[in-house]
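A.B. asks: 3D model of this:
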Amino acid sequence: MKKYIKVIVSISMVILAFSCNDVTKKEGKLDTVKTEPNLSAKDILGNPNYLAMSYGGYRHVDHGIEPTLNELKEDLKLLSAMNIKVLRTYKVHLPQAENLLKAISELKNEDSSFEMYIMLGAWIDCKNAWTGLEPIHNVESDANKPQIEKAVALANQYPDIIKVIAVGNEAMVKWATSYYVEPAIILKWVNHLQDLKAKGKLSKDLWITSSDNFASWGGGDSEYQVEDLNQLIKAVDYLSVHTYPMHDTHYNPDFWGIPDQDIKMLDNEKIDKAMLRAKNYAKTQYGNVKTYMESLGVNKPIHIGETGWASVSNGFYGPKGSKATDEYKEALYYNHMRDWTNTDGISCFYFEAFNEQWKDAENPQGSENHFGLFTIDGKAKYVIWDLVDKGTFKGLTRNGNPITKTYNGDKDALMKAVLVPPTASEIKAKE
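C.D. replies: Residues are numbered from 1 along each chain as shown. Here you go, the predicted structure:
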């Protein structure tokens, strides 16, 4: 009888250990640690307690040099300190995506309070993309199927981390002439993933989307508003929309120029009002997508898959162009977008966490290399100087460097690089 009692007690102790996984031993005492429930995309997206960020950990000019596991962990700790809890990745076939999941899993094992979730991107191309041959936009690349298969495998391997799969990144926008696909190809793979969910081969709580320019979602020219897009809008769990007012300071600058009635304002007032117009420009593009979606009788969430503002440009957006890029304007845009999206229950996968110098490898001062909130070597740009002051990054590093401020924290020096946008009259004179 005692033998059976011992067995029962042993079993009970095992059950108790599993059921009390929120209890840890610390300094000889039992302290309770709050553990999060198994959250779904529905719980996370639009929740201001789960800030989102676009992430690429590539640190070298050579994109073939993959970030190490320790480098990924270094970045994850910095982002977690900022209360970033949802990251967007782009190319599931590259090692970074899988290694990032491994790094998150290891950090969770080391610290039960660590929380990070992933929007996993599967890159989609048309036939002949990147080959030098004529792209065939209504036929897909043979590389797409393995991308989707890898995304499915990882989603099943890491269901506690991967909460969204995005089919394609700006894969439908027609200015991506070297690789874009027609909406039917994105629709095919979204339907495939939704079918796997319906059959129990993917979590029913996993959300499926495509991440694309606002125009690709019907919020711009009518050439995009085709039946396959309408069906795609009905098939996804939510719409992931990109909006980039910074680029349109060059391509569509009417909103950017200082109105004639504002000419006598102080320079800082002109800049502040220009950045408010930039935020409202983004809101208009978002609203145009919403209007088109609702015209189809569809009502589902719309989140921002990408938006950002570079701090440097020697091209269209710099001193010889629209005078849009500097750390001051970047900070204003970031804060405007966070304020709007957090208030309205919209997730904003801000682009991006860290500068990546491979994006315009032959032009170090090209804007694509300078969208990060951090520099390559771990300097915090003006937008997050306040976090440095608060000690948010104390004990954390990037490339082994402690986190310090750009410009050595000298705002006067920073402001010398800040230029006032051109006037509306000057913009019209160039047209």
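A.B. asks: Walking through this protein, point out its helices one by one.
C.D. replies: Along the chain, counting by DSSP state H, helices occupy 2-19, 41-44, 69-81, 95-110, 144-157, 183-198, 227-235, 245-251, 267-295, 327-344, 385-389, 411-415, 424-430.
A.B. asks: Switch the ones you listed over to TSV; also include mean neighbour count and distance to residue 129.
C.D. replies: To be clear about C-beta, it is placed using only N, CA and C from the backbone, and glycine gets the same treatment. Shown next, in TSV, are the helices of the chain (neighbours: other C-beta atoms under 10 Å; distance: least, C-beta to C-beta, whole Å):
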stretch	mean neighbour count	distance to residue 129
helix 2-19	9	49
helix 41-44	18	29
helix 69-81	19	28
helix 95-110	18	19
helix 144-157	18	10
helix 183-198	19	12
helix 227-235	18	19
helix 245-251	20	22
helix 267-295	18	26
helix 327-344	19	31
helix 385-389	15	40
helix 411-415	14	40
helix 424-430	13	34
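A.B. asks: so which of those gets nearest residue 53?
C.D. replies: helix 69-81 (6.3 Å; C-beta to C-beta).
A.B. asks: low pLDDT regions in this protein?
C.D. replies: 1-37 (pLDDT under 70).
A.B. asks: The most centrally placed residue in it pairs with what?
C.D. replies: For the chain, residue 54 is the residue whose C-alpha lies nearest the centre (C-alpha atoms, centre = their mean; 2.5 Å). Note on residue 54: beta-bridge partners residue 88, judged by DSSP bridges.
A.B. asks: shouldn't it be in contact with residue 349?
C.D. replies: Yes - the pair residue 54 / residue 349 is scored as a contact, 5.0 Å apart, by C-beta atoms under 8 Å.
A.B. asks: For residue 346, grab the count of nearby residues.
C.D. replies: 19 (other C-beta atoms under 10 Å).
A.B. asks: ok, now how distant is it from residue 209?
C.D. replies: For residue 346, the distance to residue 209 (C-beta to C-beta, to the nearest Å) stands at 14 Å.
A.B. asks: what's the answer for residue 425, then?
C.D. replies: From residue 425 over to residue 209 the distance is 42 Å, taken as C-beta to C-beta.
A.B. asks: what do you get for residue 50?
C.D. replies: In terms of C-beta to C-beta, residue 50 sits 16 Å off from residue 209.
A.B. asks: Could you check which of the two has the larger neighbour count?
C.D. replies: Using other C-beta under 10 Å as the criterion, residue 50 and residue 209 rank with residue 209 on top: 29 against 19.
A.B. asks: Please name the bridge partners of that one.
C.D. replies: Residue 209 forms beta bridges with residue 166, as assigned by DSSP bridges.
A.B. asks: contacting residues for it?
C.D. replies: Remark: with contacts taken as C-beta atoms under 8 Å, 6 or more residues apart in numbering, residue 209 is in contact with 164, 165, 166, 167, 190, 236, 237, 238, 239, 240, 305.
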